[in-house]
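Colleague: Whatever this is, show me its structure:
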Amino acid sequence: MICKPFGYEALCSHRTIRVLAESVADLGIPTLRFDYAGTGDSEDLQPRADQIQAWVADIVAAVGELRRRLGVESVCLLGFRLGAMLATLAAAKCGHGGALILGAPVVSGRRYLRDLRTTHLASLMGLGERSSDAGLGADGSLEVSGYELSAASIAALSQIDLANITSLSVSRVLIIDRDDLPAARNWHQELSRRGVCADYLALPGFVQMLMTAPQSAVVPQAIVAAACSWLLAAELKPAGPAREAHAKPRASALEVASPTLRLPGASPGPEAMVVERPVTFGADPPLFGIVSEPRAQELRRRAVILLNTGADWHTGVGRLYVSLARSWARRGYHVLRMDLEGLGDSGTRKDRASDEVFPPGAIEGIGAAIEMLGTRYGIRDVTLAGLCSGAYHALRAAVAGLPVRRILMVNPQNFFWKQGTKLEELQLADIVRNPAIHRERLFSAGAWRRLLAGEINVWRIMRVYLHRPLLTLRRILRDLTRSLHIRLPSDLGWELEHIDSRALRIVFVFARGEPGIDLLALQAGSSIRRLGERCRVHIVDGADHTFSNGWSRAALEAILSAELFVEQTQSVVAPLGAVPLGLSDQSS
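Modeller: The predicted model follows:
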């Protein structure tokens, strides 16, 4: 059973955890990966709850569920980072003679909190006047990269040190430490002195797995192989009937039962409850998603499809998509949080890599999702929404003519993508964003030292400055050809006007300073003014690209909800101001 790390590390490591679970299952060992309460797809926790206590209890409950379903006696808990600490604490409560595999374990809660606070302070740089109240709650909670630890959790963590645990109720332990910054070697030595059968390895790959954005994260094959080899040597395969049952060919990870999660509705009573259930759809490859269904008596057939942000899985950064889905379901919408092909828990084409931010079959997958909503729920009123690349896919689906009513696009950084392009290549977003950055660095002594040391790509900087006037020239030429009713390739303005002609509502939301604001003006040109109020843009001061802190997520949810429900309220509520595209101050 796999115990996830906390927060951003869990987001980055999703692919590795999935690969590890499937690799262990291929050995004939049943494997469970799950979300703690208040994380991932699980039910929310009360804001002031002690998460550490709750999550340890979740692990104990999950062990009990494995025993009940499969009849196994011995369970190995495999945890990463904070998950490794939680697994160790849970092992003492499970009362079984299983085993532990601990990857880069958090040994000292106090030191872990110090690292989180450092990360939090670094994230505040550049947030402007709101930075003083971002992240640190009045109740003593701590928010890091969009993930919150309550004051009670902080107090509990500060008292935990695995080095003080005198006994472990497990038969064997494997510690896989970081090879670059080993932090558990002394603890391993202490366990060995106490007579615990503990093995120790220091392997590479934790930084690429846990601390690298999902679109660039790398599955550490050495760690996966070490865990699988150790499990085989520990002889933890199920015995008797349980083993015989699992000896059948392993079903796809997508071929699962369809359990439901029942959540409180907008009003008291079971009839108002929101129901969430996993769904699979599409064929090659099969796609996965979670549908939040409104109360059973809801007669309006409306849906929102939330599309992946980068290579993040369907919960979104800081569970943004979970919050949006449950809020909108309580107001009558079916909301599908889907994974595009190769992302999250969806399948990957045989000839493609996983975690492609712009998979070639994205539009086809969105079409399959729309068809599934129509077939299963009778829905014809569909909204597409997404952040960053999710916004791009929403736009492309609308341009392709998919039957949608509105598109809600948050911080798109490009509007066109050529298959085969690599993310690290120079993008138009870099061109509209970087000139100001390079001008600032012109007076930086550190930047000059890096330049003289050959650490700065001068050619890349030159390309940035050369491309900017070309973009302006292209905008002028496109405006001219549009006035002559001539359509050029990759003409965003023409595409927006074409979408508008189908009575499709267009909404953009940007954090101020995002390159997408300038890029929209440069690539859409005079079409912006012609669209006017029919194409809306909201700009949020002080937010970052992923709206990773609590107040900006709340502001974003308010804006998107107002635009989603505008046809019901007959007015747009825009707490931070909505302005028509083309206003002269929007790109400031």
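Colleague: hey, let's count contacts and neighbours off CA atoms from now on
Modeller: Will do.
Colleague: Okay, now the unreliable bits of the stretch 101-250 of the chain?
Modeller: 125-136, 235-250 (pLDDT under 70).
Colleague: In it, what residue spans correspond to strands?
Modeller: For the stretch 101-250 of the chain, the strands defined by DSSP state E, counting those that start in this stretch cover 142-144, 147-149, 172-178, 198-203.
Colleague: Can you redo the ones you listed as JSON lines, where the extra columns are distance to residue 510 and mean neighbour count?
Modeller: As requested, those are exported to JSON lines (distance: least, Cα to Cα, whole Å; neighbours: other Cα atoms under 10 Å):
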{"stretch": "strand 142-144", "distance to residue 510": "21", "mean neighbour count": "23"}
{"stretch": "strand 147-149", "distance to residue 510": "21", "mean neighbour count": "21"}
{"stretch": "strand 172-178", "distance to residue 510": "38", "mean neighbour count": "22"}
{"stretch": "strand 198-203", "distance to residue 510": "41", "mean neighbour count": "17"}
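Colleague: Select, out of those, the one closest to residue 101.
Modeller: strand 172-178 (4.7 Å; Cα to Cα).
Colleague: What is that closest one packed up against?
Modeller: If you count contacts as 3 or more Cα pairs under 8 Å, 6 or more residues apart in numbering; DSSP states H and E, strand 172-178 packs onto strand 99-103, strand 198-203, helix 221-234.
Colleague: Isn't residue 39 up against residue 320?
Modeller: No. Residue 39 lies out of contact with residue 320 (Cα atoms under 8 Å); the separation is 11.0 Å.
Colleague: before we move on, the earlier item: out of the strands of the stretch 101-250 of the chain, which comes closest to residue 505?
Modeller: Among the strands of the stretch 101-250 of the chain, strand 147-149 sits nearest to residue 505 (Cα to Cα), with 31.9 Å.
Colleague: Name every strand pairing with the closest one and say which way it goes.
Modeller: Applying DSSP bridges, strand 147-149 is found paired with strand 142-144 (antiparallel).
Colleague: Kindly report the domain assignment for this protein.
Modeller: Per the record's domain assignment (automatic domain parsing), the chain is made up of the domains 2-106+166-246, 269-425+489-580.
Colleague: could I get those as CSV with distance to residue 151?
Modeller: Output for those, formatted as CSV (distance: least, Cα to Cα, whole Å):
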stretch, distance to residue 151
domain 2-106+166-246, 7
domain 269-425+489-580, 16
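Colleague: And those: which comes nearest residue 483?
Modeller: When the domains of the chain are compared (using Cα to Cα), the closest one is domain 269-425+489-580, at 9.3 Å.
Colleague: mind checking how far the closest one is from the chain centre?
Modeller: 14 Å (Cα atoms, centre = their mean, to the nearest Å).
Colleague: Distance of residue 28 relative to residue 69?
Modeller: 16 Å (Cα to Cα, to the nearest Å).
Colleague: Just want to know which of those two has more residues nearby.
Modeller: residue 28 (19 against 9; other Cα atoms under 10 Å).
Colleague: Quick check: which of the domains of the chain is nearest to residue 140?
Modeller: So among these, domain 2-106+166-246 is nearest, using Cα to Cα, at 9.7 Å.
Colleague: distance between the ends of stretch 528-548?
Modeller: End-to-end for stretch 528-548, by Cα to Cα: 29 Å.
Colleague: right, I mislabeled it, should have said stretch 210-227
Modeller: 17 Å.
Colleague: do the same with stretch 404-414
Modeller: Stretch 404-414 end-to-end distance (Cα to Cα) = 21 Å.
Colleague: With distance to residue 165 as extra columns, can I get the strands of the stretch 101-250 of the chain in JSON lines?
Modeller: Listed next are the strands of the stretch 101-250 of the chain as JSON lines, based on distance: least, Cα to Cα, whole Å:
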{"stretch": "strand 142-144", "distance to residue 165": "26"}
{"stretch": "strand 147-149", "distance to residue 165": "23"}
{"stretch": "strand 172-178", "distance to residue 165": "14"}
{"stretch": "strand 198-203", "distance to residue 165": "14"}
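Colleague: From residue 117, how far out is residue 48?
Modeller: For residue 48 relative to residue 117 (Cα to Cα), the value is 19 Å.
Colleague: what about these two, which has more around it?
Modeller: Per other Cα under 10 Å, whichever of residue 48 and residue 117 has more neighbours is residue 117, with 17 against 14.
Colleague: Check the spacing between the more buried one and residue 146 real quick.
Modeller: With the distance defined as Cα to Cα, residue 117 ends up 13 Å from residue 146.
Colleague: Residue 515 too?
Modeller: 22 Å.
Colleague: For the residue nearest to residue 316 when sequence neighbours are not counted, give me its contacts.
Modeller: Distance criterion Cα to Cα, 6 or more residues apart in numbering; nearest residue to residue 316, sequence neighbours excluded, is residue 309 at 6.5 Å. Residue 309 makes contact with 316, 317, 386, 387, 388, 389, 390, according to Cα atoms under 8 Å, 6 or more residues apart in numbering.
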